[in-house]
Structure formats: structure tokens, C-alpha cells
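Asker: Predicted coordinates and the sequence they were generated for:
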Amino acid sequence: MEPAEGQRPLIGIVSGQERDGEAARLALPRAYVSAVEKAGGAPLVIPLVEDTRLAESYLDVLDGLLLAGGGDVDPAHFGEDPSPHLGSVDPERDAVELALARRALELDLPILGICRGMQVLNVAAGGSLYQDIGTQVPHAIQHRQSAPRWYPLHEVRLEPESLVGRIFQVESVRVNSFHHQAVRTVAPSFRVAAKSRDAVIEAVESRAHAFAVGVQWHPECMVERYPVQRLLFAAFVKAARAARARRTAPAETARAATAPAARG
Ligand code: MN
């Protein structure tokens with residue numbers, strides 16, 4: 001049975017932006033919204049705001065945070081100068097997403113990072129990235145497909161004992177691939193959950209949080225044709241529902257306790 005609308009956990013999805021000269025418009029592929037909605041979550045798009053403290057305050061009403069795909073993370077955030085092969089960087093988006101990811105980790109709010117989102121999550125937690133697979137990872141396979149978005153171009157091997165491995169319940173799965181950056185040093189409290197055959201890290205997860213997972217592929221583009229990819233969104237929404245229960249239960253108890261005084 002579909003949960004009542006009020007019971008759907010609120011999943012914040014941070015918007016990207018596109019620049020047209022001086023004008024910027026917020027932009028987010030609808031596939032993220034659709035995948036969360038179909039998994040039983042209530043998607044809510046978070047705008048890029050200037051004040052990162054304001055951005056963090058949105059987490060007060062959210063039950064989960066989804067970090068979407070996009071351009072490159074500025075390597076300054078992991079202590080490196082830019083490689084000549086660095087792609088486009090968006091300082092405003094980096095600032096908002098890193099602040100949100102760090103605060104969500106502090107709150108143990110469920111986080112799902114997709115592609116760039118996995119990289120943001122890893123950097124927020126203290127890890128680093130390859131700025132360009134092609135020039136930094138010897139013998140790498142192709143990770144930037146020109147095949148259709150939904151098409152699974154390469155295989156990833158899942159760590160059976162990892163949360164991601166338990167979610168997918170298979171040892172390997174074929175995935176799409178649209179990245180030229182990749183996780184280099186895994187954040188201290190995180191572990192590798194999946195790799196492609198060239199040893200590029202394709203999924204990471206926190207060992208210290210209820211649900212902080214990043215995948216390098218784009219499951220939101222695959223869910224229509226490959227139902228196995230829906231398992232990831234289902235697990236994320238389930239974790240968000242549990243977070244919502246934790247968040248609302250004490251508040252309701254507190255409200256009941258203070259109600260008579262408030263009336264007086
Ligand atoms: Mn890949």
C-alpha cells in the first residue's frame with residue numbers, strides 16, 4: 001500500500017545551476033525527483049542560496065539528503081591545485097553542497113550521493129578525488145559513455161559485506177558511467193563498497209552513519225529499465241523514514257508535555 005502523503009519522508013535534492021551569460025537558472029534533471037517519488041519519498045528541491053547557514057537550516061525539516069550529479073568539485077576543497085584536465089567548477093554549488101553534506105553527517109541524516117554527489121560526500125567527510133581519471137589512473141576503462149543515459153556500459157563488483165552489497169544482493173551489476181573524476185582517498189570513516197575492474201572506486205559508504213552512501217553511476221537513469229537499481233532508492237527512502245520517526249517522535253512527546261502550560 002502506498003503510504004499516506006503525510007508519511008512520506010521529505011528528501012531534499014540540491015539543485016544545480018546553468019549559466020547563460022550573467023543570468024543563472026536553477027536546474028535539476030527530473031529523473032532524480034521521479035526516482036525518489038516512485039520509491040515512496042517526497043522530493044523537495046533545495047535552491048542554491050548564498051548563505052550556507054541558511055542552506056543548512058533546510059535540514060531541520062528534511063528526512064534525507066540527495067546530492068545529484070553535475071560538474072567537477074574544486075580540488076581546493078581537498079587541498080590540490082587545478083589540473084589542466086579539470087572540468088567546469090561551480091563554487092556556489094560546491095559551497096552549498098559541502099555545507100549540507102557536513103551538517104547532514106553531523107545529524108546522521110540519511111544521504112545518498114550520486115556521481116558528483118558521491119564525490120562531494122567523500123570530500124565533505126575528509127577524502128580526496130582524482131581530478132581526471134584519463135590522466136591519473138593507468139589502464140582505466142571508459143567511464144564517460146556516449147551511449148544512452150540508461151545503458152549500463154561497465155560492470156562494478158560490490159563488496160558483499162557492505163551496505164550497498166546487501167542492498168543489491170548481487171556480487172556484480174552493470175552500470176552506466178558519466179564521470180571523469182573519481183574517489184582517490186576514501187574519507188576516514190568511509191569504506192569502499194564497489195569498484196570497477198580497473199580499480200576505480202564506484203561506491204562508498206560510511207561505517208559510522210546509519211545511511212551515508214555514494215554511487216558513481218546514475219541509478220536514476222536506469223530504474224525504468226533495470227528494476228535492481230530501484231533497490232538503492234528504496235533503501236534510502238526506508239532510512240529516511242526511520243530518520244523521520246526518530247525526529248518526530250520526541251517532538252510529539254515534548255509537545256504533549258508542554259501543551260497544558262502553553263494553554264495557561
Ligand atoms: Mn564508472
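Answerer: Received it, and whenever you're ready, just let me know what you need.
Asker: Around the residue in the stretch 51-200 of the chain positioned nearest to the ion, how many other residues sit close by?
Answerer: Proximity of the stretch 51-200 of the chain to the ion (C-beta to the ion) peaks at Ser177, 3.3 Å away. The C-beta positions use only the backbone N, C-alpha and C, and glycine is treated the same way. Ser177 is surrounded by 24 other residues when neighbours are defined as other C-beta atoms under 10 Å.
Asker: Now do it against Ala245, distance only.
Answerer: Distance, Ser177 to Ala245, by C-beta to C-beta, to the nearest Å: 36 Å.
Asker: and the helix or strand hosting Val156, which strands flank it?
Answerer: Assigned by DSSP states H and E, Val156 belongs to strand 154-158. Here strand 154-158 is paired, per DSSP bridges, with strand 172-175 (antiparallel), strand 190-196 (antiparallel).
Asker: Name the residues that touch the longest one?
Answerer: Counting by C-beta atoms under 8 Å, 6 or more residues apart in numbering, strand 190-196 makes contact with 122, 125, 127, 141, 143, 154-159, 162-165, 177, 186, 201-207, 212-213, 215-216, all of which sit outside it.
Asker: residue ranges with poor pLDDT in the stretch 101-250 of the chain?
Answerer: Applying pLDDT under 70 to the stretch 101-250 of the chain picks out residues 250.
Asker: Gly40 - nearest residue in space that isn't next to it in sequence?
Answerer: Setting aside the residues directly before and after it, Gly40 is nearest to Val237 in space (C-beta to C-beta, 6 or more residues apart in numbering), at 5.0 Å.
Asker: Show me what from the stretch 101-250 of the chain comes close to the ion.
Answerer: Within reach of the ion by C-beta under 5 Å from the ion, the stretch 101-250 of the chain has these residues: His143, Ser177.
Asker: Helices of the stretch 101-250 of the chain, start to end?
Answerer: Under the criterion DSSP state H, counting those that start in this stretch, the stretch 101-250 of the chain carries helices at the ranges 116-124, 133-136, 163-168, 230-263.
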